[in-house]
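Colleague: predicted coordinates and the sequence they were generated for:
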Amino acid sequence: MLDYDYLIIGGGIAGTSAAETIRRADASARIAILEAEPDFLYSKVLLPDFVKGEVDLNKVMLRSIVNYEKNRIDFYPETVVSKIDFGRRDVFADERVFSYEKLLIASGGKVKVWKFEAGFPDKVFRLQTLVDATRLKEFLERRKPARALVVGGGFIAIEFMNIFKHFGIQTKLLSRDRFFWANFLDERGHSFLDNIFGDSKIEIVTSDEVREISEREDDLEVLTQGGAGIATDIVAAGIGLLRNFDFAGGVLNTGRGIFVDEFMLAEFKSGLGGNVWAAGDAAEYVDPYSGRRKVFGNWTHGFLTGHAAGLSMTGSKKPFRSVASYSVSFLGVPVAVIGTVDNQLAEEAFSDADNMGRKYGRFFLKGGKLIGALLLGAQKDTPRVIKMIESGEIIDRNIFKFT
Ligand SMILES: Cc1cc2nc3c(=O)[nH]c(=O)nc-3n(C[C@H](O)[C@H](O)[C@H](O)COP(=O)(O)OP(=O)(O)OC[C@H]3O[C@@H](n4cnc5c(N)ncnc54)[C@H](O)[C@@H]3O)c2cc1C
């Protein structure tokens, strides 16, 4: 039996941020991180640049053995947690049992299983881990494919398109939504994106999905439900994430993530509890600005909630409150996603765009207050938007005019 005061499942940004926060608050605590992957903390944000060859592995790796030793954090790589006995405070991983006083679940997300993937292990790609990124990078360098089909409609689909554009690969996008980011945008945003796709010569097929993939000589033949046939060299699947908490065995209250309060303390279905926290992508908390229970999937949120969990686990009573934001390049156009951005979660939304087709913003409101915004080509307005969300004031729509 391996005994720890603080046991952390997941060595991503949330788990690492929590472990280092705990160490700063408690010099003598026994701390361990259990991590399914073989690697120390690395930057997921930099994975696309790593695939493109714009940054090397040294830059992607954010921690080395030296950091864990210096902080006296025991790091267990390739250690997959399969079960937790919350009553006995035991965590089971492979053949080992770890016992804890306090437990943090920071196990992030895993890619959704895609039934078409199994048949073509060399030609269907994912982009969630360093292992995935290395596999794609090596393939692109070795085989130099001419055509790629990206399947999906979210941020990973964008990262794939950015990568293929960089390599000059002719790219098609297949999305089952009516248009890309249908949940976030309106018709004006839709035509704004159409121009971006057009400029990058990316052909998009919407309201359709894969029915079958077969192989003919070196080509993949993708047949869609709508009857289209697409010939390609590779398929890149960006079809979304599921949160990792199967090992919690139905004991915790969960939705898309593990329900937590403002101190990152996990909710139990029964009376057990008080000593389990969750953070990062795996946690679902009530966003104080929108009043909605939400999972977020961004790096800063992972860092901040990990830090908040670490503080809470060591006795601080500072509630977590932050406007989550994310920025990414969409085929060369900077995009900022701030706060709660969803046509369904907001009560109302409005948009504005400049006449030149260079800037577009969509703003999401609840009770007349701003709860989120999506900015295309207008990322400089991010601090202003965050301030406006934090202020909780009824907004004057005219202050977000791009014309
Ligand atoms: C390619 C890519 C690009 C991105 N770009 C951006 C960006 O530009 N900006 C941005 O803000 N965000 C970006 N993100 C999202 C951001 O990286 C994530 O939101 C963030 O990493 C989440 O951190 P986390 O620690 O909560 O989870 P994760 O990073 O998923 O870490 C969780 C860890 O838990 C481990 N784990 C899971 N299950 C178990 C188990 N049973 N036992 C043991 N260990 C387990 C996993 O192996 C994993 O290492 C990107 C993500 C990807 C994949």
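Modeller: Great, that's in hand.

Colleague: find the nearest non-adjacent residue to S207, please.
Modeller: Computed as C-beta to C-beta, 6 or more residues apart in numbering, the closest residue to S207 that is not its neighbour in sequence is R178, at 5.6 Å. Backbone N, C-alpha and C define where each C-beta goes, glycine included.

Colleague: that neighbour touches I204, doesn't it?
Modeller: No: counting by C-beta atoms under 8 Å, R178 does not reach I204; the two are 11.3 Å apart.

Colleague: could you check how far the nearest residue to R362 once chain neighbours are set aside is from the ligand?
Modeller: Of all residues beyond its chain neighbours, the one nearest R362 is S351 (4.3 Å), with distances taken as C-beta to C-beta, 6+ apart. Relative to the ligand, S351 is positioned 23 Å away (C-beta to the nearest ligand atom, to the nearest Å).

Colleague: wait, isn't S351 in contact with G361?
Modeller: Yes: under the criterion of C-beta under 8 Å, S351 lies in contact with G361, with a separation of 6.4 Å.

Colleague: just want to know which of those two has more residues nearby.
Modeller: Of the pair S351 and G361, G361 is the one with more neighbours under other C-beta atoms under 10 Å, namely 22 against 18.

Colleague: which residues does the more buried one contact?
Modeller: With contact taken as C-beta atoms under 8 Å, 6 or more residues apart in numbering, G361 is in contact with 351-353, 373-376, 378, 381, 400, 402.

Colleague: now F296, nearest residue through space, not along the chain?
Modeller: Of all residues apart from its sequence neighbours, A324 sits closest to F296 (C-beta to C-beta, 6+ apart), at 4.5 Å.

Colleague: shouldn't the one you found be in contact with T300?
Modeller: Yes: using C-beta under 8 Å, A324 is in contact with T300, at 6.9 Å.

Colleague: measure the residue nearest to R362 to H190 for me?
Modeller: Taking C-beta to C-beta, to the nearest Å as the measure, S351 and H190 are separated by 10 Å.

Colleague: same check on A93?
Modeller: Taking C-beta to C-beta, one finds A93 at 46 Å from H190.

Colleague: more neighbours: those two, which one.
Modeller: Looking at A93 and H190 with other C-beta under 10 Å, you find the greater number of neighbours at A93, namely 21 against 15.

Colleague: list the residues that contact the more buried one.
Modeller: 34, 76, 79-82.

Colleague: got phi/psi on the residue of the chain positioned farthest from its centre?
Modeller: Of all residues in the chain, E217 has its C-alpha farthest from the mean position, at 35.7 Å, by C-alpha atoms, centre = their mean. Listed backbone geometry of E217 is phi 50, psi -120, with angles given as degrees, to the nearest 10.

Colleague: and it, how close does it get to F120?
Modeller: For E217, the distance to F120 (C-beta to C-beta) stands at 14 Å.

Colleague: and if you look at E138?
Modeller: As it turns out, when the distance is counted by C-beta to C-beta, E138 lies 16 Å from F120.

Colleague: between the two, which is the more surrounded one?
Modeller: Residue environment comparison for E138 versus F120 gives the larger neighbour count to F120, 15 against 11, counting by other C-beta under 10 Å.

Colleague: name the nearest residue to whatever residue of the stretch 101-250 of the chain ends up closest to the ligand, sequence neighbours excluded.
Modeller: Scanning the stretch 101-250 of the chain for the residue nearest the ligand gives G108, at 2.1 Å (criterion: C-beta to the nearest ligand atom). Leaving out its chain neighbours, the residue that sits closest to G108 by C-beta to C-beta, 6+ apart is D281, at 4.4 Å.

Colleague: please apply the same query to R292.
Modeller: What sits nearest to R292 in space, not counting adjacent residues and going by C-beta to C-beta, 6+ apart, is L345, at 5.3 Å.

Colleague: pretty sure K137 contacts L47?
Modeller: No: in this structure, K137 sits apart from L47 without contact. The criterion is C-beta under 8 Å, and the distance is 9.2 Å.

Colleague: what element comes up after the host helix or strand of V51 heading to the C-terminus?
Modeller: Using DSSP states H and E, the element containing V51 is helix 47-52. Along the chain past helix 47-52, the next helix or strand (assigned with DSSP H and E) turns out to be helix 57-60.

Colleague: related to what we said a few turns ago, and for the residue nearest to S207, the neighbour number?
Modeller: 10.

Colleague: report pLDDT for it.
Modeller: Predicted confidence (pLDDT) at R178: the value is 90.

Colleague: who does V260 bridge with?
Modeller: The residues listed as beta-bridge partners of V260 by DSSP bridges are A266.

Colleague: can you tell me how far it sits from G10?
Modeller: Taking C-beta to C-beta as the measure, V260 and G10 are separated by 14 Å.

Colleague: where does pLDDT dip in this structure?
Modeller: 1, 272, 403 (pLDDT under 70).

Colleague: so which bits of it are right by the ligand?
Modeller: Within reach of the ligand by C-beta under 6 Å from any ligand atom, the chain has these residues: 9-15, 34-37, 44-45, 47-48, 79-81, 106-109, 127-128, 159, 244, 247, 280-282, 297-300, 302, 326, 328.
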